[in-house]
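In: Here is a sequence together with a model predicted from it:
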Amino acid sequence: MLEIGIRLADQVVIGIGILILLAVGVICSRRTKTAEGYFFAGRSMPGWVVGFSLMATIVSSMTFLAIPSFAFSGGNWKNCLAHFTYIPAILVAIFLFIPIYRRTRIDSAYEYLEQRFGLWARLYAAATFVVFHFFRTGVVLYAVSLAIQTILQLNDDALTTVIIVGGIVVSAYTIVGGLQAVIWTDVIQGVALIGGGLICFPVILSQIDGGMSELVSVAYADGKFDLGSTKWTLTEKTVWAYMLAEFVLFLQLLGTDQTNVQRYCAAASDKAAKAAAVIGCCLAVPTWTLFLFLGTCLYVYVKMVPGTGLEGLEPDQIFPRFILTQLPAGLAGFVITGLLASAMSTLDSSINATAATVTNDFYKRLWVKERDARHYATVGKLVSLAFSVVMVAMACTIHQFRASEALDNVQRMLLSIVGGGLLGLFLIGFVTLRVGSRPAIIATVMTALFVGGWLSMDTPIAHQIFPTLSKSMPDKFWVSTFANLLLVVIAYGTSIFWVRRRTGKELAGLTIWGGTGESDEGEGN
């Protein structure tokens, strides 16, 4: 039996929040009878709703927990300017990604790659997406469950129960309600996330003598607004490194990730999809800044206000314990709901997008091609259920073996090696005419080998065999940036050797240049 360490009013608020999410799933279930309804919400969602969903998807539980912790500790504001690179990334999405995806009316982002380069590209990208989210959902569910355990002051044995209950709740409304439920619950979760952060500021300021001016003064004197080094070097995480790496990451999420592409396609019109991207950007960037400032405020609060019980805690424990001990009854429940919401918006998106990918890119494309839309909707629900079980099992495994950091490292390494140049592959499809299947596959393989070699230089064996080379390698922070650039260069360079004229019908709608161009003679699977 769990002994919940929070007040009754907080429990009531959290319970109401969960019931609302489940009710949304039930209400939306009426429109999940077909694959179009289940995976794309009937392609009829209002732009402002999709915009909230885009924000809630990219502003994950890691924002709610990790950014305040980063700002509280030595990270300060070093990644602040990097968040603003979301603005140019959104402009690229509006003028490049959204028009092409909506024009082609694809069922997944990776279907585009088959039309452009062949079946190999579709299966490669789809498999990379599924593997990444296989690891990611388990890590996210475990991380937020650990925070909830801290807030509720539960013993270690109860964490498995928290994981299972959390997994059941998020899976229930996602499986039943499809993408429409995911999007509408994202709106609720987005409001809870932002509201949960805003609630904390009056509580902090009311206990600091001198209020906001004193808080800013102390934080500035201690260097808590430090933006980081501006040196031009590849061996340090400078301001420029953060900005470029984050910009490439944003482009990859907006241009190649099924969770975002689904939302572009779910909007009622091209205008609504572009408006959604703008709204999502206008919500996400201030939210990141809000939680950075919250971490700075918590630093000053712990330093200046005695007897809070927060002294000596690890940075990632400060915010959860602050919620429990310093916020009034009811408001603490709302902030905890915001924490849960930030995780759920990540998990529900991953569940539905992975189900869409497995159903459309593997099941429908390779095995069962001629069934009706209801059949594929049923398959999607079964895949969602299976993936939810795997997600909970992964989170429980992480808990049992205390392997969150190890699995996160494996996830990042696999994504870097296998999918490090994925953005580059999409970009050469979008903006070039001459690059076709053979140059693309050569560039993809060579990029994977390059990234694998790079990462191997950071191993103990490499440090012994190649001490000078391993020390001179750029920081792994640059892997994604260089990998995508390398793939584009190799693909375009090798396309010189495999060129033939393609017809307008073959490239119609697949590039920014229209329907004609040159490509290699090995088109197809």
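Out: In hand now; what should we look at? Remember, predicted model here, so these are calculated numbers, not experimental data.
In: Give the closest residue to N260 in space, chain neighbours not counted.
Out: L254 (5.5 Å; CB to CB, 6 or more residues apart in numbering). Quick note: C-beta positions are derived from backbone N, CA and C, even for glycine.
In: State the three-state secondary structure for that neighbour.
Out: helix (DSSP: H, G, I helix; E, B strand; the rest coil).
In: ok, it touching A93?
Out: Yes. L254 is within contact range of A93, at 4.3 Å (criterion: CB atoms under 8 Å).
In: Compare those two and say which is more crowded by neighbours.
Out: Just comparing L254 and A93: by other CB atoms under 10 Å the higher neighbour count belongs to A93, 29 against 26.
In: Pretty sure that one sits in a helix.
Out: Yes. Under three-state DSSP, A93 falls within a helix.
In: quick one, what contacts R31?
Out: R31 sits next to G37, A41, G42, G178, Q180 when contact means CB atoms under 8 Å, 6 or more residues apart in numbering.
In: Count the neighbours of V139 for me.
Out: By other CB under 10 Å, 20 other residues sit near V139.
In: where does it land in three-state SS?
Out: helix.
In: what pLDDT does it get?
Out: Note on V139: pLDDT of 84.
In: Same question for S472.
Out: In this prediction, S472 has a pLDDT value of 73.
In: Also K505?
Out: Listed pLDDT for K505 reads 63.
In: distance of the residue nearest to N260 from R374?
Out: Distance, L254 to R374, by CB to CB, to the nearest Å: 32 Å.
In: and what of R43?
Out: For R43, the distance to R374 - CB to CB - is 17 Å.
In: Neighbour count: those two, which is higher?
Out: Taking neighbours as other CB under 10 Å, R43 and R374 compare with R43 leading, 16 against 13.
In: Surely that one and D270 touch.
Out: No. R43 lies out of contact with D270 (CB under 8 Å); the separation is 11.2 Å.
In: Contacts only, for A268.
Out: A268 touches R43, S44, M45, P46, G47, counting by CB under 8 Å, 6+ apart.
In: who wins for most neighbours among those?
Out: Comparing those by number of neighbours (other CB under 10 Å), M45 comes first, having 24 neighbours.
In: Show me the shaky parts of the stretch 401-525 of the chain.
Out: Counting by pLDDT under 70, the stretch 401-525 of the chain has low-confidence residues at 402-419, 499-505, 514-525.
In: Tell me which stretches of it form helices.
Out: 404-419, 422-431, 437-456, 460-465, 467-472, 479-494, 504-507 (DSSP state H, counting those that start in this stretch).
In: which of those helices sits most buried?
Out: Per residue and on average, the most neighbours among the helices of the stretch 401-525 of the chain fall to helix 422-431, with a mean of 24 (mean count of other CB atoms under 10 Å).
In: Can you tell me what sits against that one?
Out: The contact list for helix 422-431, computed with CB under 8 Å, 6+ apart, reads 96-97, 100, 112-113, 116-117, 121, 125, 128, 248, 251-252, 255-256, 435, 440, 443-444, 447, 480, 483-488, 491-492, 510-513.
In: mind checking how far it is from the chain centre?
Out: Averaging C-alpha positions (CA atoms, centre = their mean, to the nearest Å) puts helix 422-431 20 Å from its chain's average.
In: cool, stretch 291-303 as well?
Out: Taking CA atoms, centre = their mean, one finds stretch 291-303 lying 25 Å from the centre of the chain it belongs to.
In: Could you pull up the mean pLDDT of the longest helix seen in the chain?
Out: In the chain, taking DSSP state H as the definition, the longest helix is helix 159-205. Average pLDDT, helix 159-205: 91.
In: Please apply the same query to stretch 73-83.
Out: Mean predicted confidence for stretch 73-83 is 84.
In: what about it, how long is it end to end?
Out: Terminal residues of stretch 73-83 are spaced 18 Å apart (CA to CA, to the nearest Å).
In: got a list of contacts for it?
Out: By CB under 8 Å, 6+ apart, the residues outside stretch 73-83 that reach it are 70-71, 223-228, 237, 239, 242-243, 245-247, 285, 288-289, 292, 296, 315.
In: In contact with L96, which residues?
Out: G255, F430, V431, I512.
In: isn't L486 right up against I442?
Out: No. Checked against CB under 8 Å, the pair L486 and I442 is beyond contact range at 11.9 Å.
In: which residues touch S229?
Out: S229 is in contact with E236, T238, V239, counting by CB under 8 Å, 6+ apart.
In: What separation is there between it and V335?
Out: The value you get for S229 to V335, if CB to CB is used, is 34 Å.
In: hey, where'd the strands end up in the protein?
Out: For the chain, the strands defined by DSSP state E cover 500-502, 517-519.
In: Of all residues in the chain, which one is nearest the centre?
Out: In the chain, the centroid-proximal residue (CA atoms, centre = their mean) is I58; its distance is 4.9 Å.
In: quick one: that one and T32, what's the gap?
Out: Separation of I58 from T32 (CB to CB) stands at 24 Å.
In: got it, and R365?
Out: From R365 to T32 the distance is 21 Å (CB to CB).
In: Have a look at those two and say which one is more surrounded.
Out: Ranked by neighbour count (other CB under 10 Å), R365 and T32 place T32 first, with 25 against 19.
In: ok, and the closest non-adjacent residue to that one?
Out: Going by CB to CB, 6+ apart, T32 has G178 as its nearest residue, at 4.0 Å.
In: That neighbour contacts E36, correct?
Out: No. Using CB under 8 Å, G178 is not in contact with E36; the gap is 10.0 Å.
In: more neighbours, the two?
Out: A side-by-side neighbour count of G178 and E36, using other CB under 10 Å, places G178 first with 31 against 20.
In: for the more buried one, what are its contacts?
Out: By CB under 8 Å, 6+ apart, G178 lies in contact with C28, S29, R31, T32, G37, Y38, F39, A41, N352, A377, G380.
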